[in-house]
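Asker: take this sequence and fold it.
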Amino acid sequence: MNFRFLVLIPLCAFLSCSNPGKKAEDDRRNIHLAQFFYEQGVPSKSVAHAKKIKSDSPHYATAQEWISRASEEAR
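Answerer: Residues are numbered from 1 along each chain as shown. Predicted coordinates:
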């Protein structure tokens with residue numbers, strides 16, 4: 001019985017990591033961090049967090065905006 005339980009743990013972990021809701025939450029968090037680091041004067045970290053957002057995300061346009069702002073700030 002314990003063996004079956006141990007086999008299910010990696011499967012559950014994989015399913016929880018591939019959850020679309022979790023991806024949306026990660027994108028929202030990365031947008032927030034991009035804005036935070038931009039406002040703190042650390043444009044490199046702002047760009048790093050904004051680049052984590054992929055083109056299929058609804059937050060992609062906002063991420064591109066933070067990338068352009070932070071890139072201008074770094075110059």
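Asker: and the host helix or strand of His49, what does it pack against?
Answerer: Assessed by DSSP states H and E, His49 sits inside helix 43-51. Packing partners of helix 43-51 (3 or more Cβ pairs under 8 Å, 6 or more residues apart in numbering; DSSP states H and E): helix 20-39, helix 60-74. Yep, even glycine has a C-beta here, placed from its N, CA and C like the rest.
Asker: okay if I get these as TSV plus mean pLDDT, distance to Leu8 and mean neighbour count?
Answerer: Listed next are those as TSV, based on pLDDT from 0 to 100; distance: least, Cβ to Cβ, whole Å; neighbours: other Cβ atoms under 10 Å:
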stretch	mean pLDDT	distance to Leu8	mean neighbour count
helix 20-39	90	19	15
helix 60-74	89	35	16
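Asker: can you tell which of these is closest to Lys52?
Answerer: When the helices and strands packed on helix 43-51 are compared by Cβ to Cβ, helix 20-39 sits nearest Lys52, at 4.8 Å.
Asker: between the closest one and helix 43-51, how many degrees?
Answerer: Per axes from the mean of the first three to the mean of the last three Cα atoms, to 10 degrees, the angle that helix 20-39 makes with helix 43-51 is 160 degrees.
Asker: using CSV, write out the CA atom coordinates for helix 20-39.
Answerer: C-alpha atoms of helix 20-39 as CSV (Å, rounded to 0.1, in the frame of the first residue of the first chain):
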residue,chain,number,x,y,z
PRO,A,20,-3.3,26.7,-15.7
GLY,A,21,-4.5,28.6,-12.6
LYS,A,22,-1.0,28.3,-11.1
LYS,A,23,0.5,29.6,-14.4
ALA,A,24,-1.8,32.6,-14.4
GLU,A,25,-0.9,33.3,-10.7
ASP,A,26,2.8,33.1,-11.6
ASP,A,27,2.3,35.6,-14.5
ARG,A,28,0.4,38.0,-12.2
ARG,A,29,3.1,37.7,-9.6
ASN,A,30,5.9,38.3,-12.2
ILE,A,31,4.1,41.4,-13.5
HIS,A,32,3.9,42.7,-9.9
LEU,A,33,7.6,42.0,-9.3
ALA,A,34,8.5,43.7,-12.6
GLN,A,35,6.7,46.8,-11.5
PHE,A,36,8.2,46.6,-8.0
PHE,A,37,11.8,46.3,-9.2
TYR,A,38,11.3,49.1,-11.8
GLU,A,39,10.0,51.4,-9.1
